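> just a sequence and a predicted model for now, questions to come.
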Amino acid sequence: MATVAARELRDGEVVFVGIGLPNLACNLARATHAPNLVLIYESGAVGAVPERLPVSIGDPALVTGSLMVCGMADVFQCFLQNGRIEVGFLGGAQVDRWGNINTTVIGDYAHPKVRLPGSGGATEIAAHARRTLVMAKLDPRAFPEQVDFLTSPGHRCRGVPRRELGLPGAGPVKVITDKAVLEADPRSGELMLTAVYPGVTPDEVRAGVGWPLMARTTLLGVAPPDGRDLRLLREVLDPKKLFLK
Amino acid sequence: MATVAARELRDGEVVFVGIGLPNLACNLARATHAPNLVLIYESGAVGAVPERLPVSIGDPALVTGSLMVCGMADVFQCFLQNGRIEVGFLGGAQVDRWGNINTTVIGDYAHPKVRLPGSGGATEIAAHARRTLVMAKLDPRAFPEQVDFLTSPGHRCRGVPRRELGLPGAGPVKVITDKAVLEADPRSGELMLTAVYPGVTPDEVRAGVGWPLMARTTLLGVAPPDGRDLRLLREVLDPKKLFLK
Amino acid sequence: MAAAVAAHVHDGDTVVIEGFTHLICFAAGHEIIRQRRRDLTLARLTPDLIYDQMIAAGCAKKLVFSWAGNPGVGSLHAFRRAAEGKGPPLELEEYSHFGMVARFQAGAARLPFWTLRDYAGTDLPRVNAAIRSVTCPYTGETLATVPALNPDVTIVHAQRADAAGNTQIWGLVGVQKEAAFASSRVIVVVEELVDTAVIRADPNRTLIPGIAVSAVVVEPWGAHPSYAQGFYDRDNDFYVRWEGISRDPARLEAYLEEFVYGVPDRAAYLARHPGLTGRLRARTQVCAGVNYGF
Amino acid sequence: MAAAVAAHVHDGDTVVIEGFTHLICFAAGHEIIRQRRRDLTLARLTPDLIYDQMIAAGCAKKLVFSWAGNPGVGSLHAFRRAAEGKGPPLELEEYSHFGMVARFQAGAARLPFWTLRDYAGTDLPRVNAAIRSVTCPYTGETLATVPALNPDVTIVHAQRADAAGNTQIWGLVGVQKEAAFASSRVIVVVEELVDTAVIRADPNRTLIPGIAVSAVVVEPWGAHPSYAQGFYDRDNDFYVRWEGISRDPARLEAYLEEFVYGVPDRAAYLARHPGLTGRLRARTQVCAGVNYGF
C-alpha cells in the first residue's frame, strides 16, 4: 500500500502528511523518485526530514532540521485554507460509496457502538487539499454503502454533489487498499474499481466492499513493489515494523 | 508637557507608546517613579528599553533588548483589541470639544486644504486602550468646536455618546496642553478646564480653544517640572532637542 | 506547582492544558488530580493521555476537543468508556483541529467568533449547534463560524521563562500563544527559569509576554511522557503502555495511585522512574545565534 | 533585481513592498521606477519615502494605506501634492493600521473578509465603502469588517534566505508573513543568501516558506535608507533631508535622476553614497542559540 501511494506523489509537490502508512509512503517517495517532496505536518513542521520514523505527528524528529516551524493557526489558515497543499492523505474506520470518511463514531452519535478519535485535521484536509489519497484495508464493515457519521466530505455528501458544497479541493482521487485501487467516477463521483494487485480478482475486491462495486471496463494491474522499495521500507524506513504488517 | 504626562503613568502599567513627546513622557516616568512601566510600540516591540531616543516608532533601538517582538497582527488583536493596553497616547492636528481627534484632513475629505497622514493605529487605540492621554498645543485652529474629520473617537461622536458606540475603552481622560490640562465632564463628556500651569490664567487657555470652554469651579495648579526631571529630559532623554522645544 | 494550582484552578473552571504532542504539562494535570478538582470543563485539541487520566480521576464534567486518541497507538480508553456509556457520564463538545484553533484565535483577539471555510457536507454541525455560519458582506457567500473559547485558566509548559513570565518556546508551538491570550489566568510551567537578560537577548523567541501570565512554576521534566525539544525526548514506550493500562479500569486506578496520588510532587514522580532521565535526555544540537545589533 | 522585477511586476498590478520601518525594500522600488512601470496600485500600511518616490515618478494610479507620513519628520510631499490636488491625480483608499493588517490576514487565509472591533463613531466608513459590518451569529452584536487584500506581487526584504526562498527575519516582522501568503507572486530580497543548512538549523526563525516565493534576489544594503537589524542602522539623516527634497518637485526630480534613473543598480547607488556603509553598519550583538536536539 505504501509503495502504491508513493507512486502517486510527484517530485516537488507539497504534501500534508499523516502518521503511519502515509508517512511511510511520503518518505519512500522522497528516497526514490521525489527527493524534493515538501512534507508538511499539521503539527507545524514544514519541510521535515525525519531522521527516524515518527511515531506521532508531533515527533521532535519532524522539527529538527526542518525548513520551518509555524503555529497551527498558520498551518490551517496560511497553508491549508490558502490552497497551498497539493496532496492530503486520509484514512478512517469507514469509507463509503462516495469517498466520504468516518473517523468519529460507529453507530449513533449520541450512543455510539464505538467512539473513534474524531476529525483532527481530516475534515479540513478533505475540503482544502487540491486532491486527497485515501488509504484503507478492504473489509465490508470498513467500506459501507454510507458512513455512519460523515467526518470528511468525499464526492457526494448525503445526496449533495461535492461541487454544490463549494469545497475548494477535488476530493479523494484514489482510494488505495490492500488489494486494489478505487477511483471516483468522473461524472457520478461514485467509487469504482480501476486497478487490482497481482493475483487479485474483482470478486475478491467486491467481497471487501459493502455496496455493488462497479468496475472500469479495462482494469489496470498494480505492479508490486520492486526490491529497492522493499529494502527501503523494511530496512531503512520501518525496520521495527511499526506500520508495515 | 512631557513631565505632566509622565505623572499620569502608574508603575507597572502597560502603555501603548507613540513617538515624540509621549515617548519622552514614558521614558521619563520609567527613569523616575515608574521603573516597571511596560512600553509597547505598534511596530511590535514589547517591553522596549531604548538606549537612544527613538526617532521613529520602528527604531531598531526598540527591538534590541526588548522582552518580545511580535507581528502587528498580534499587536492589534492580542494586545490592543484584547484589552491589555492600559494607557494609550494620542495627538493630532485637531482636538474638539468632545475629545475627538482628527489626523486625516483639514477641510473637505475629497478636496482637503491640508492632507494629514491619516489614522495609523490611532483609531483603534482610541477605541481599545482602557484610557487615553491626548497631548496637543493650545491654538484655536487645533481645538475647534468640531473636528473636520473624525479619525479617533472621543466622548461624543457626531452627536452619539461614546457609551452607545460600544467602544471598550474609557476614551481621553485628560488632554495635556502647553498651558493647561483639560478633562472630560463625567456626565456630558465635554472637555473642561481643570488645571493650569503656573502663571497661566483661564482666559489665556480659552484664547487657545475654539469653543466656550467651561472650567471646573476649583482649578488645580500644575506643578512645574523639578530639577531632576529637567535634567533627565535635557541631558539624558533628548539631548539633541529633537522633541523638546 | 501545588500553590499555583490551588490559587488558579477552581472547581467548575474551564481548564486548558495545551501543547500539540510537544510540551504537554502532565505535572500540572497530576497536581489538579491530587487536589481533587471537580466539574472541570477540559478543553484542548488532543485530550491525550493527560486528559484521559483526569477523566478517569473524576475531574471532568465536560470535554471540548477535536481528536481524542492515543497518537500512533490507539484509544484513550477512559474517554471511550465515558463516550460509549460504559463509564461515568462526560459531556462532549467536538470540533475539528481547525475549528479548535479558530476558537482560540477568536478568544485571543477577544472577538465573539472566528470565520473559516470548513464543515460543508459534514455531519459535525448536525451534532454541534455551536458550529454556525455567517454571510460575507462583500461576496455574499456563506462561511462557517465557531464561537470564541476563553478559558478560565490555561497552563502552558515551556522551555524557559523569566520570573515575570516572559516565555520562550521553540520547536512545535501549537496554539499555546492563542490559548494564553484567550485565557483569564495563565500558569507557565518551565524546564528552566532564566534571567530576564536571556529573554531580552533574543526577543523574537518570546511567545507569551509576562503581562499575560499569572504564575510561573519551575518544574523540570514536567512534560513527561510528552517531550520538550532540546531537553528530553517523548516517552513513546509509555504511550504504547497506556493502551493496556487505560483499557483496564483497575490498572488505570493502580497507575494513578502509584504515580499521581502516591507522590507529593514531580520530583517524587521522577524518583519512581529510575533510569528515565538517562533514557530520554536530549542530545545537544544548538543552532547559531543572530545579530540584534544596530 | 532587474530580472525579478521584469518577470513579476507588471503595469496595472497591485504591488506591496511591506516592512514596518524595518526592511523596506527601496532597491526594488527604485528598479520598478527605472523600468517605468505604470498604473500600479501601491499598497502598504505606511507608504514611507519609497512610495512617495514612486508616486513622484508616475508609477502609481492608486494608493492603499493607513498612515502616509515621514516617520518622526513630517510629510510625504509628493503624496500630499497629489492628495491636495496640486499634482497628478492619485486615487486613495484609506484604512487604519489595524484595518490594513486585517486585510492582509484575510488575504493570507484566503477568506473574503476579516472581522475587527473598530471604526465605531469615526468618519472612516463614511469615506471608504469597503469598511462594512457583520452580525455575530452568537451574540448578535455588530462588528466591523474589511475586505481581503490579495496583491499581485509582494516584495519582502529579509536578512537571509536560501536559494529556494525559505526566508528568515528577526527584529520587527510587521505584516510581511501575511502579505507574502496573501500574494499571487512573492519576491524575496535578502542581505545574505545562505545554505539551506543555515535555515534548517533554526526552523522557528523561518517566517516565509520557499513554496510561497517566486524569486530570490540578493541585494546587500537593499533596504537603505530603511534598516536591517543586525546589518545596518536606519539612515535618519536622509529621512530628515527628504522633507526638503520632496517639498520641491524640481529637487525631487533631481534626486530621482541622480540616485534612481542615473544608476543601473544598487551597487552603483551605494557607490554614489561614499561613507554610507561605514556610517550605518550595525555593531555586533549576537544572541545565544537554542538546543533543537531530542
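Now that the structure is in, tell me what you want to look at. Numbers count the residues shown, from 1 in each chain, chains lettered A, B, ... in the order given.
> contacting residues around the residue of chain C found nearest chain A?
Closest contact between chain C and chain A, by Cβ to the nearest Cβ, is at C:Thr21 (2.4 Å). C-beta coordinates here come from the backbone N, C-alpha and C atoms, glycine included. By Cβ atoms under 8 Å, 6 or more residues apart in numbering or on different chains, the contact set of C:Thr21 is A:Ser43, A:Ser56, A:Ile57, A:Gly58, A:Asp59, C:Thr46, C:Asp48, C:Pro71, C:Leu172, C:Ser226, C:Tyr227, C:Arg234.
> per-residue pLDDT, A:Lys245?
On pLDDT, A:Lys245 comes in at 67.
> quick one: the helices in the stretch 151-294 of chain C?
Per DSSP state H, counting those that start in this stretch, the stretch 151-294 of chain C carries helices over the ranges C:176-182, C:196-200, C:236-247, C:249-256, C:266-271, C:276-280.
> what distance do you get for the residue of chain C closest to chain A to A:Gly120?
12 Å (Cβ to Cβ, to the nearest Å).
> check A:Arg187 too.
In terms of Cβ to Cβ, A:Arg187 sits 31 Å off from A:Gly120.
> top strand in chain A by residue count?
Taking DSSP state E as the criterion, chain A has its longest strand at strand A:214-221.
> gap between C:Thr21 and C:Trp67?
Taking Cβ to Cβ, one finds C:Thr21 at 11 Å from C:Trp67.
> show me whatever sits in contact with both of the two.
Listed as contacting both C:Thr21 and C:Trp67 by Cβ under 8 Å, 6+ apart are C:Thr46.
> need the contact list for the nearest residue to C:Leu92 once chain neighbours are set aside.
Nearest residue to C:Leu92, sequence neighbours excluded (Cβ to Cβ, 6 or more residues apart in numbering or on different chains): C:Leu63, at 5.6 Å. Counting by Cβ under 8 Å, 6+ apart, C:Leu63 touches C:Thr41, C:Leu42, C:Ala43, C:Pro47, C:Tyr51, C:Ile55, C:Phe79, C:Leu90, C:Glu91, C:Leu92, C:Glu93.
> before we move on, what about C:Asp39?
Applying Cβ under 8 Å, 6+ apart, the residues contacting C:Asp39 are C:Asp11, C:Gly12, C:Lys61.
> doesn't A:Gly166 make contact with C:Glu141?
Yes: taking contacts as Cβ atoms under 8 Å, C:Glu141 lies within contact range of A:Gly166: 7.2 Å.
> hang on, A:Ile40 in a strand?
Yes: using DSSP: H, G, I helix; E, B strand; the rest coil, the assignment for A:Ile40 is a strand.
> and the gap between it and chain D?
9 Å (Cβ to the nearest Cβ, to the nearest Å).
> tell me how far the helix or strand bottoming out on mean pLDDT in chain A lies from the chain's centre.
In chain A, the helix or strand scored least confidently by mean pLDDT, DSSP states H and E is helix A:21-31, which has a mean of 90. Helix A:21-31 sits 12 Å away from the centroid of its parent chain (Cα atoms, centre = their mean, to the nearest Å).
> go on, stretch C:205-216?
Worked out by Cα atoms, centre = their mean, stretch C:205-216 lies 16 Å from the chain centre.
> please save the CA atoms from that stretch in PDB.
Listed in PDB are the C-alpha atoms of stretch C:205-216, where the atom choice follows Å, rounded to 0.1, in the frame of the first residue of the first chain:
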ATOM      1  CA  ARG C 205      11.700  33.900  20.600                       C
ATOM      2  CA  THR C 206       9.300  35.200  23.100                       C
ATOM      3  CA  LEU C 207       5.900  33.600  22.500                       C
ATOM      4  CA  ILE C 208       3.900  34.800  25.600                       C
ATOM      5  CA  PRO C 209       4.600  38.100  27.400                       C
ATOM      6  CA  GLY C 210       4.800  38.300  31.200                       C
ATOM      7  CA  ILE C 211       1.800  40.700  31.300                       C
ATOM      8  CA  ALA C 212      -0.400  37.800  30.200                       C
ATOM      9  CA  VAL C 213       1.000  35.400  32.900                       C
ATOM     10  CA  SER C 214      -0.500  34.800  36.400                       C
ATOM     11  CA  ALA C 215       2.100  32.400  37.800                       C
ATOM     12  CA  VAL C 216       5.400  30.800  36.800                       C
END
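> quick check: mean pLDDT of it?
Average pLDDT, stretch C:205-216: 98.
> does any bit of it sit next to chain D?
Yes: judged by Cβ under 8 Å from any Cβ of the partner chain, stretch C:205-216 comes into contact with chain D through C:Arg205.
> establish whether that stretch and chain B are in contact.
Yes: using Cβ under 8 Å from any Cβ, stretch C:205-216 reaches chain B at C:Thr206, C:Pro209, C:Gly210, C:Ile211, C:Ala212.
> just name the closest of these to B:Leu220, please.
Nearest to B:Leu220 among these is C:Ile211, at 31.8 Å by Cβ to Cβ.
> the closest one contacts B:Val38, correct?
Yes: the criterion here is Cβ under 8 Å, and C:Ile211 meets it with B:Val38 at 5.9 Å.
> mutual contacts of the two, please.
B:Val14.
> chain A contacts on the stretch 101-250 of chain C?
C:101-102, C:104-105, C:116-124, C:127, C:141, C:170-175, C:177-178, C:227, C:229, C:233-234, C:236, C:239.
> of these, buried ones?
C:101-102, C:104-105, C:116-124, C:127, C:170-175, C:177-178, C:227, C:229, C:233-234, C:236, C:239 (16 or more other Cβ atoms under 10 Å in any protein chain shown).
> mind checking which of those are in strands?
Checking those against DSSP E, those in strands are C:Leu116.
> check the gap between A:Arg163 and A:Glu183 for me.
For A:Arg163 relative to A:Glu183 (Cβ to Cβ), the value is 17 Å.
> who has more neighbours out of those two?
Comparing A:Arg163 with A:Glu183 by neighbour count (other Cβ atoms under 10 Å in any protein chain shown), the higher total belongs to A:Glu183, at 18 against 11.
> nearest residue to the more buried one in space, please, no chain neighbours.
In space, A:Glu183 is closest to A:Thr194, 4.5 Å off (Cβ to Cβ, 6+ apart).
> double-check that that neighbour belongs to a helix.
No: A:Thr194: not assigned to a helix; according to three-state DSSP it is strand.
> right, and it touches A:Ala184 too?
No: using Cβ under 8 Å, A:Thr194 is not in contact with A:Ala184; the gap is 9.6 Å.
> neighbour count: the two, which is higher?
Neighbour totals were compared for A:Thr194 and A:Ala184, and A:Ala184 leads with 23 against 19 (other Cβ under 10 Å).
> how about that one, nearest residue that isn't a chain neighbour?
Closest residue to A:Ala184 apart from its sequence neighbours, by Cβ to Cβ, 6+ apart: A:His155 at 5.0 Å.
> might one say that the one you found is in contact with A:Val173?
No: with contact defined as Cβ under 8 Å, A:His155 does not count as touching A:Val173 (9.9 Å).
> what's the closest non-adjacent residue to A:Gln146?
The spatially closest residue to A:Gln146, leaving aside those adjacent along the chain, is A:Asp96, at 5.1 Å (Cβ to Cβ, 6+ apart).
> so who does C:Pro147 touch?
C:Pro147 sits next to C:Arg103, C:Ala106, C:Pro112, C:Phe113, C:Ala130, D:Tyr138 when contact means Cβ under 8 Å, 6+ apart.
> closest one of these to B:Ala29?
Nearest to B:Ala29 among those, with distances taken as Cβ to Cβ, is C:Ala106, at 34.4 Å.
> understood, closing this out.
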